[in-house]
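*Asks:* below are the sequence and a predicted model for it; my questions follow.
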Amino acid sequence: MLLFDTHADTLFRLCFPYGENQEMDVTKEKLLRGGVSVQVMAMFVGRSDLPSIQIAFDKMLAKKEELKQNGFRQVDDLKEAKEGEGAFMLSVEGCDLLDGHGEMLSDWRRQGVRMAALTWNYDNCVATPASKDSTTGLKPFGREAVREMQRLGMAVDVSHLNEKGFYELLEMGVVPLASHSCCRKLCDHVRNLTDDQLKALFSAGGYVGVNFYPAFLQKSGKATLSHVCDHVIHMLEMGGEGHIGFGSDFDGIETKPDGLSGPQDFPKLMDALRKRGLDEKLIRGIAGENLLHYYERI
């Protein structure tokens, strides 16, 4: 069975550790134990204490080359994926680095970047994050950047994007992806997608990777495997069959659901979904086939 995870901050954490001797959520060994085919690793540039966005970005590019030298295979197309291999694919979280230079997207694509989140939690030259407001639209340069991303075959990632920008993308005919998002109906957090957004995204042919961050799963900030299943099932009820997967946010979240501490625990999550009544066809889709078909659509 193919198994993909559309978001982890592993490259960032390898370059900028959060503390001394803290164990990484994502390692080659844990990916293999969990049967993960491809882990999408985000190059994240949002933290305000970085020496500079460019320096941070270059460090992460160098780190991904180091991973390749140490036995990780980088995948440019999910059709290259092998069951349980533990390969990786690149994404970008926050398009701040573009700074009005759309030609940079071609450089990203040559490095193997296959998806890019327009914003993180800061306003930038492309769009406005949900953390700021829900009513400011895409920036003029943002529209240009999105069109170029479409031309290059890069998924436009709407996790962190505000509602106005989200709907403007759909009006442009974009088929977006939310790499690591949950349902606002189940947990009222500004980072989560409303039912209307979910329905519109699925209707457009888009994709959502369910985030494992407890604060997005459960208002109390404490979550279990069952809460992750709740969000998957709610998305199915919103018309998400064929459009849902996993976007763990491993190595970017300080707490995890009980029983889901890293990619080695994916088999537990699959079993939990089976116990909730999902058949093997749905399970295979959510694990990996849905993302494969999403990239075929774009």
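*Replies:* Cool, the structure landed. Numbering: from 1, shown residues only.

*Asks:* quick one, what contacts residue 67?
*Replies:* In this structure, residue 67 makes contact with 74, 88, judged by Cβ atoms under 8 Å, 6 or more residues apart in numbering. For the C-beta atoms, the positions are set from N, CA and C on the backbone; glycine is no exception.

*Asks:* now the element after whichever strand or helix holds it, going C-ward?
*Replies:* In the assignment (DSSP states H and E), residue 67 maps to helix 53-69. Scanning forward in sequence from helix 53-69, with DSSP H and E defining helices and strands, the next element found is strand 87-93.

*Asks:* list the buried residues for the next helix or strand along the chain from that next one?
*Replies:* Stepping forward along the backbone from strand 87-93, the first helix or strand reached (DSSP H and E) is helix 104-110. Burial within helix 104-110, assessed by neighbour count using 16 or more other Cβ atoms under 10 Å, is assigned to 105, 108-109.

*Asks:* how about the strands of the stretch 151-298 of the chain, start to end?
*Replies:* Listed in chain order, the strands of the stretch 151-298 of the chain (DSSP state E, counting those that start in this stretch) span 155-157, 177-181, 207-210, 244-246.

*Asks:* ok so residue 5 is a strand residue?
*Replies:* Yes - with the criterion set as DSSP: H, G, I helix; E, B strand; the rest coil, the secondary structure at residue 5 is a strand.

*Asks:* tell me how many other residues crowd it.
*Replies:* By other Cβ atoms under 10 Å, 31 other residues sit near residue 5.

*Asks:* ok, now residue 140?
*Replies:* Residue 140 is flanked by 10 other residues according to other Cβ under 10 Å.

*Asks:* repeat for the one 5 residues further on
*Replies:* Residues lying near residue 145 (other Cβ under 10 Å) number 26.

*Asks:* now swap in residue 261 and tell me
*Replies:* When counting by other Cβ under 10 Å, one arrives at 16 neighbours for residue 261.

*Asks:* contacting residues around it?
*Replies:* Taking Cβ under 8 Å, 6+ apart as the contact definition, residue 261 lies against residue 25.

*Asks:* for residue 170, list the residues it contacts.
*Replies:* By Cβ under 8 Å, 6+ apart, the contact list for residue 170 reads 176, 200-201, 204.

*Asks:* looking at the residues you listed, which is nearest residue 190?
*Replies:* For residue 190, the closest of these turns out to be residue 201, at 16.8 Å, with distances computed as Cβ to Cβ.

*Asks:* so where's the stretch 151-298 of the chain shaky on pLDDT?
*Replies:* Within the stretch 151-298 of the chain, the set of residues satisfying pLDDT under 70 is empty.

*Asks:* revised request: answer the last question for the stretch 1-150 of the chain.
*Replies:* Along the stretch 1-150 of the chain, segments meeting pLDDT under 70 span 19-21, 46-51.

*Asks:* could you say which helix or strand holds residue 40?
*Replies:* For residue 40, the secondary-structure element it belongs to, assigned by DSSP H and E, is strand 38-44.

*Asks:* where's residue 150 relative to residue 144, distance?
*Replies:* When distance is defined by Cβ to Cβ, to the nearest Å, residue 150 is 11 Å away from residue 144.

*Asks:* and residue 275, how many neighbours?
*Replies:* Taking other Cβ under 10 Å as the definition, residue 275 ends up with a neighbour count of 11.

*Asks:* my bad, residue 297
*Replies:* Residues contacting residue 297 under the criterion other Cβ under 10 Å number 11.

*Asks:* once you drop chain neighbours, what's closest to it?
*Replies:* In this structure, residue 297 finds its nearest non-sequential neighbour in residue 205, 5.0 Å apart by Cβ to Cβ, 6 or more residues apart in numbering.

*Asks:* the one you found touches residue 293, doesn't it?
*Replies:* No - taking contacts as Cβ atoms under 8 Å, residue 205 lies outside contact range of residue 293: 9.2 Å.

*Asks:* mind listing what the closest residue to residue 219 other than its chain neighbours touches?
*Replies:* The spatial neighbour of residue 219 that comes closest, neighbours along the chain excluded (Cβ to Cβ, 6+ apart), is residue 187 at 5.6 Å. The contact partners of residue 187, by Cβ under 8 Å, 6+ apart, come to 215-219.
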